[in-house]
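Asks: No sequence on hand, only this structure:
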């Protein structure tokens, strides 16, 4: 028999926790009321646990901004200034943490320059 823990099956909760990465980084959360700074505590490809500067509204849409990455998300739970975000599309952890290796620089194309 499948047990439920806070509206989620035990199996789903175990799977979710196994892919969670504990982090300590900064992000900006953009809401309809403006932007605020947040500490990111943990990440998955489908969401983040954060501590914002002020309380977010459960059920509201936000933009999770880190470096030049913008990800649409929904606030799925709040507890004071802590909140859980669910991304509307999965994002690789490496992209979220900025640990992706940048693409190699391409040599300049000589055809783009005029020669005398």
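Replies: Sure thing, it's come through. Predicted model only: the values in this text are computed from it and were never measured.

Asks: now the strands for the protein?
Replies: With strands called from DSSP state E, the chain shows them at 4-5, 8-9, 21-31, 34-44, 47-52, 61-66, 69-79, 82-87.

Asks: any idea which of those is most buried?
Replies: Highest mean neighbour count among these (mean count of other C-beta atoms under 10 Å): strand 47-52, with a mean of 21. Bear in mind the C-beta positions are built from the backbone N, C-alpha and C, glycine included.

Asks: Sheet partners, orientation included, of that one?
Replies: strand 34-44 (antiparallel), strand 82-87 (antiparallel) (DSSP bridges).

Asks: mind checking which of these is nearest residue 73?
Replies: Nearest of those to residue 73, taken as C-beta to C-beta: strand 82-87 at 4.1 Å.

Asks: Point out where this protein drops to low pLDDT.
Replies: Along the chain, the model assigns pLDDT under 70 to residues 1-18, 99-116.

Asks: run the last query once more with 90
Replies: 1-21, 67-68, 97-116 (pLDDT under 90).

Asks: how about the strands paired with strand 47-52, which one is nearest residue 68?
Replies: Here strand 34-44 is closest among the strands paired with strand 47-52 (C-beta to C-beta), at 14.6 Å.
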